[in-house]
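In: Build me a model:
(one chain, ligands or ions: 2)
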Amino acid sequence: MLRIAIQNKGRLSEESVELLHGAGVKFDNVKRKYLVKARNFPTEVLYLRDDDIPGVVASGSANVGIVGLNEVREKMGDSDAVKIVRKLGFGYCRLCLAIPKNETYNGLEYFEGKRVATSYPRILKDFFSKHGIKAEIAEISGSVEITPSAGMADAIFDIVSSGGTLVSNGLKEVETVLESEAVLITNPKLSEEDQGILNELLFRIDSECISRGKKYLLMNIPTASLEKAIELLPAMRSPTVMPLAAEGWCSLHSVVDSSELWDKVRKLKEIGAEGILVLNLDKIIP
Ligand code: ATP
Ligand code: ZN
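Out: Ligands and ions are numbered 1, 2, ... in the order given. The predicted model follows:
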């Protein structure tokens, strides 16, 4: 039985549940319950605060966890107490140093002798010591961004996603220390049975991650334009081409990235494509 720890409520919860559901692991999403057994896969889901996930996986109380890389680095440093086995492509954010917006910034020296407030003291301490900066680190668990205007700190080190919170607190971002996203971590010592379950889960998660943001395209195209169309659509191996009853035409099927969809559609129309269908795609099994 593989035990997977995920965040109970917060920014990573919904997408963690969606990822597992997409991988065919069915369980009731009742967060009032602390531990839920999956109905059709030998796993159970443990709902926790994100701060506790790295430690619980390191101790073996859970075998696997889904958590922000920021929490993993803060709790574990660079140690190999947990293994990072996948980056999951959601929960993007960065850990940044920010200072009052009217200050002049001329490099990391700025922080020498300054007081910096943060909820990530370990990452910050490692960063400053790597760069030979001696600064005072004030650990605070929330509302870090108000500390400079409240006279509690000279600067902050905090999570940023859009930067709006910084601006509204009169701060500006001056250094990015860590780029983070949700990651899948495992205890380094899994039983053979759990490793087998994990391998199956990873296979399914990989297929989920590949399929995300992809569309299935079908169209009719003049045979004369086929070569150009195939150049535009480098599908997994090669696009599927089928002749049509109407002479000089064929039907072309392919998969494209949603971000490129409209650009590709325009180019395909320019070379004579007609009746283009764009379909949502459920899974790509590589
Ligand atoms: P918990 O109660 O579980 O301790 P929390 O308040 O620490 O929750 P959330 O705010 O839910 O945590 O954030 C969880 C994770 O989401 C962060 O550790 C980070 O990896 C990621 N994240 C992505 N964008 C942001 C953001 N704008 N602010 C904070 N976290 C973000
Ligand atoms: Zn937390």
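
In: So, low pLDDT: which residues of the protein?
Out: 31, 236 (pLDDT under 70).

In: try 90
Out: 28-33, 78, 142, 160-165, 208-213, 230-231, 233-247, 282-286 (pLDDT under 90).

In: Get me the contact residues on the stretch 51-200 of the chain for ligand 2.
Out: Contact residues (Cβ under 5 Å from the ion) of the stretch 51-200 of the chain with ligand 2: D51. (Glycine included, C-beta is placed from N, CA and C.)

In: which residues of the stretch 51-200 of the chain fall in helices?
Out: In the stretch 51-200 of the chain, the helices defined using DSSP state H, counting those that start in this stretch lie at 53-59, 69-76, 121-130, 164-168, 192-211.

In: Looking at those helices, which is nearest to E15?
Out: Closest approach to E15 among the helices of the stretch 51-200 of the chain is made by helix 192-211 (10.9 Å; Cβ to Cβ).

In: Centre of the chain to the closest one, how far?
Out: Relative to its chain's centre, helix 192-211 lies at 17 Å (Cα atoms, centre = their mean, to the nearest Å).

In: Pull the residues that contact it.
Out: The contact list for helix 192-211, computed with Cβ atoms under 8 Å, 6 or more residues apart in numbering, reads 1-2, 19, 22-25, 41-43, 63-64, 85-86, 88-89, 184, 186, 190, 281-286.

In: Going through the residues you listed, which ones are buried?
Out: 2, 19, 22-23, 25, 41, 43, 63-64, 86, 88, 184, 186, 190, 281, 284 (16 or more other Cβ atoms under 10 Å).

In: in terms of contact, does P243 touch L252 like I think?
Out: No: contact status for P243 versus L252: not in contact, 10.9 Å apart, counting by Cβ atoms under 8 Å.

In: Using JSON lines, lay out the helices of the stretch 51-200 of the chain together with distance to ligand 1 and mean neighbour count.
Out: Below are the helices of the stretch 51-200 of the chain laid out as JSON lines (distance: least, Cβ to the nearest ligand atom, whole Å; neighbours: other Cβ atoms under 10 Å):
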{"stretch": "helix 53-59", "distance to ligand 1": "8", "mean neighbour count": "21"}
{"stretch": "helix 69-76", "distance to ligand 1": "5", "mean neighbour count": "21"}
{"stretch": "helix 121-130", "distance to ligand 1": "12", "mean neighbour count": "16"}
{"stretch": "helix 164-168", "distance to ligand 1": "8", "mean neighbour count": "13"}
{"stretch": "helix 192-211", "distance to ligand 1": "17", "mean neighbour count": "16"}
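
In: So which bits of stretch 88-107 are buried?
Out: Buried-residue list, stretch 88-107, by 16+ other Cβ under 10 Å: L88, F90, G91, C93, R94, L95, C96, L97, A98, I99, Y105.

In: Including distance to K37, could these go into TSV?
Out: Output for the buried residues of stretch 88-107, formatted as TSV (distance: Cβ to Cβ, whole Å):
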residue	distance to K37
L88	23
F90	25
G91	25
C93	32
R94	36
L95	35
C96	40
L97	44
A98	44
I99	49
Y105	52
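
In: so how far is ligand 2 from the residue of the stretch 101-250 of the chain found nearest ligand 1?
Out: Closest residue of the stretch 101-250 of the chain to ligand 1, Cβ to the nearest ligand atom: S161 (3.3 Å). Separation of S161 from ligand 2 (Cβ to the ion, to the nearest Å) stands at 15 Å.

In: Nearest spatial neighbour of that residue, chain-adjacent residues omitted?
Out: The shortest distance from S161 to any non-neighbouring residue, by Cβ to Cβ, 6 or more residues apart in numbering, is to C93 (4.6 Å).

In: need the contact list for the one you found.
Out: With contact taken as Cβ under 8 Å, 6+ apart, C93 is in contact with G68, N70, I159, V160, S161, S180, E181.

In: mind running it again at 7 Å?
Out: I159, V160, S161, S180 (Cβ atoms under 7 Å, 6 or more residues apart in numbering).

In: Is there a neighbour count for the nearest residue to G10 once chain neighbours are set aside? I'd like the number.
Out: Spatially, and ignoring its direct neighbours in sequence, G10 is nearest to D50 (6.1 Å; Cβ to Cβ, 6+ apart). For D50, the tally of surrounding residues (other Cβ atoms under 10 Å) stands at 25.

In: Please enumerate the strands of the stretch 151-286 of the chain.
Out: 155-160, 171-180, 182-186, 214-222, 240-243, 249-257, 274-280 (DSSP state E, counting those that start in this stretch).
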